[in-house]
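**Q** All I have is the shape, not the residue letters:
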């Protein structure tokens, strides 16, 4: 339920991304200071990699509303070795200062 004068909080459901984009554009959801970092392993399924890259492209449309997204293909890794490389990349994404 939406309180008067307040925007909804944002919990991104990737299945509802089109609805999310519409809500953001309508001013119903604030994306200020929100981030999505998509990291995929080179050794993962090519269709999965393509889907994730397309999602990253769609989410870039929200950058004008304060949303930050990034896509990175980790070469030489697969879904088993990728978690080892994630921590420093996610930390860098989360703690890098935003330029306003």
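**A** Now that the structure is in, tell me what you want to look at. On a predicted model such as this, the values are computed, not experimentally measured, just so you know.
**Q** Now the worst-scoring helix or strand of the chain on mean pLDDT: buried residues?
**A** For the chain, scoring each helix and strand by mean pLDDT, DSSP states H and E identifies helix 82-95 as the least confident one, at a mean of 74. Buried positions in helix 82-95, judged by neighbour count with 16 or more other C-beta atoms under 10 Å: 82, 93. For the C-beta atoms, the positions are set from N, CA and C on the backbone; glycine is no exception.
**Q** And for stretch 25-37?
**A** Counting neighbours by 16+ other C-beta under 10 Å, one finds that the buried residues in stretch 25-37 are 29-31, 34, 36-37.
**Q** and the residue most central in space within the chain, what does it touch?
**A** Most central in the chain under C-alpha atoms, centre = their mean is residue 36, positioned 2.3 Å from the mean C-alpha point. With contacts taken as C-beta atoms under 8 Å, 6 or more residues apart in numbering, residue 36 has the following neighbours: 12, 56, 59, 67-70.
**Q** secondary structure element for it?
**A** Per DSSP states H and E, residue 36 falls inside strand 34-41.
**Q** so where do the strands sit in the protein?
**A** With strands called from DSSP state E, the chain shows them at 34-41, 67-74.
**Q** Tell me the gap between the first one and the middle of its chain.
**A** Going back to what we said before, that points to strand 34-41. Strand 34-41 has its C-alpha centroid displaced from the chain centroid by 5 Å (C-alpha atoms, centre = their mean, to the nearest Å).
**Q** Stretch 82-96 now?
**A** Its chain's C-alpha centre lies 13 Å from the corresponding centre of stretch 82-96 when counted by C-alpha atoms, centre = their mean.
**Q** Flag the shaky bits of the chain, pLDDT-wise.
**A** In the predicted model of the chain, residues 1-15, 97-100 satisfy pLDDT under 70.
**Q** sorry, back to before: and the residue nearest to the centre of the chain, what are its bridge partners?
**A** Using DSSP bridges, the beta-bridge partners of residue 36 come out as residue 69.
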